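A.B. asks: Using only what follows, build the 3D model:
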Amino acid sequence: MTIRLKSATLGSLAAAAAFTLAVPPVAEASTTSASPPQVRAITPTEEKCHEAKMFGRDQTGHEGRVSFRLCASTDGNEMTVDASNPKCERYALLSWQDYDYNCVVSVKGWTLEKGGKVVARNDMPSIVGTYPGPGTYSLVARLHAFGQRHVTEGYVRSHFDGDTRLDVTFASAVDRPKPPKPASGPRISASATRANGVVTVTVTNSGDRASTKLNVVYRSLNARSSDQRCHVRNSNDGMNECQFPPLGPGESTTLVVETSADMRWVVYDNHWNALAKGSSSAR
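C.D. replies: Next comes the predicted model:
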């Protein structure tokens, strides 16, 4: 693979020199031992890192190189590719000398390929994409490095641009966050049991939102209840009315009535819309 180096001294452009990106065999790294990358948009559960270098000559004729750490990470949902720990050097006076001003390397975009097809990509500066799942992929990353070093007449500014292709293998299963269930509102139901002349009505909210205040109207001749939420509405036909506070999601409340006769009931919301009804036979 070929990378182009552009260098400028005090604003004047020099001839570009060919650079080669060298990548040693794949080295796997845990998330705790890998060097902190410059960009981290996720908390990775799996990370694969590679040491890479760019070689060439600058406009002064000195051999140069940029070394850095390239990491591909995933949390099971998203994926990042980033570069860190850059080191820019030139070979002069029989030794490698650091760029003494600054050295920066970044990933400008990447694609993940499998079987010759692109299965994931990201061309945005955030370097965040969708993780396609476990497997072995060919990762193509677009890189840019920038360095400056002092010289007698000022400084030399160098730009490195190029692509690198490496194989990465992920084992993490896809772990997409589940979307929240759409709110469906309260869901009121009522049921009853009868034993030894006592009817117990249970009102339940199985929805995902709280109900309004509830009105329960029941009718049964000679019925009695000690529930303080209830009062007699019409003693002639055995009609009684109870007012219950709102029920939260999953909550329930009970009404206990002593009666030896048939009993019917209806549950209303605070606008007197019927929500549930039922009956209990004395036979």
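A.B. asks: Okay, the residue nearest in space to the middle of the chain and residue 77: tell me how far apart.
C.D. replies: In the chain, the residue lying closest to the centroid (Cα atoms, centre = their mean) is residue 177, at 5.8 Å. Using Cβ to Cβ, to the nearest Å, one gets 6 Å for the distance from residue 177 to residue 77. Where you see a C-beta, it was placed from the backbone N, CA and C, and this is true even at glycine.
A.B. asks: Leaving aside the residues adjacent along the chain, what's closest to residue 146?
C.D. replies: residue 104 (4.8 Å; Cβ to Cβ, 6 or more residues apart in numbering).
A.B. asks: So that neighbour sits against residue 84, correct?
C.D. replies: No: under the criterion of Cβ atoms under 8 Å, residue 104 makes no contact with residue 84, lying 10.5 Å away.
A.B. asks: Bridged to residue 163, which residues?
C.D. replies: residue 142 (DSSP bridges).
A.B. asks: So what's the residue count around it?
C.D. replies: Residue 163 is flanked by 16 other residues according to other Cβ atoms under 10 Å.
A.B. asks: just residue 178 next, same as before
C.D. replies: There are 6 residues near residue 178, going by other Cβ under 10 Å.
A.B. asks: In terms of helix, strand or coil, where does it fall?
C.D. replies: Assigned with DSSP: H, G, I helix; E, B strand; the rest coil, residue 178 falls in the coil class.
A.B. asks: I'd like to know how far residue 221 sits from residue 134.
C.D. replies: 70 Å.
A.B. asks: Sketch out the helices for this protein, chain order is fine.
C.D. replies: Assigned by DSSP state H, the chain shows no helices.
A.B. asks: tell me the domain ranges of it?
C.D. replies: 2-170, 188-280 (automatic domain parsing).
A.B. asks: Switch those over to TSV; also include mean pLDDT and distance to residue 181.
C.D. replies: Below are the domains of the chain laid out as TSV (pLDDT from 0 to 100; distance: least, Cβ to Cβ, whole Å):
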stretch	mean pLDDT	distance to residue 181
domain 2-170	72	19
domain 188-280	93	7
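A.B. asks: Looking at residue 104 and residue 84 now, which is surrounded by more residues?
C.D. replies: Taking neighbours as other Cβ under 10 Å, residue 104 and residue 84 compare with residue 84 leading, 19 against 15.
A.B. asks: Show me what the more buried one bridges to in the sheet.
C.D. replies: So, taking DSSP bridges as the rule, residue 84 has residue 69 as bridge partners.
A.B. asks: same deal with residue 215?
C.D. replies: When assigned by DSSP bridges, residue 215 has beta-bridge partners residue 243, residue 268.
A.B. asks: The residue lying closest to residue 281 once chain neighbours are set aside: neighbour count?
C.D. replies: Residue nearest to residue 281 in three dimensions, not counting chain neighbours: residue 262, with 5.5 Å by Cβ to Cβ, 6+ apart. In terms of burial, residue 262 registers 15 neighbours under the definition other Cβ under 10 Å.
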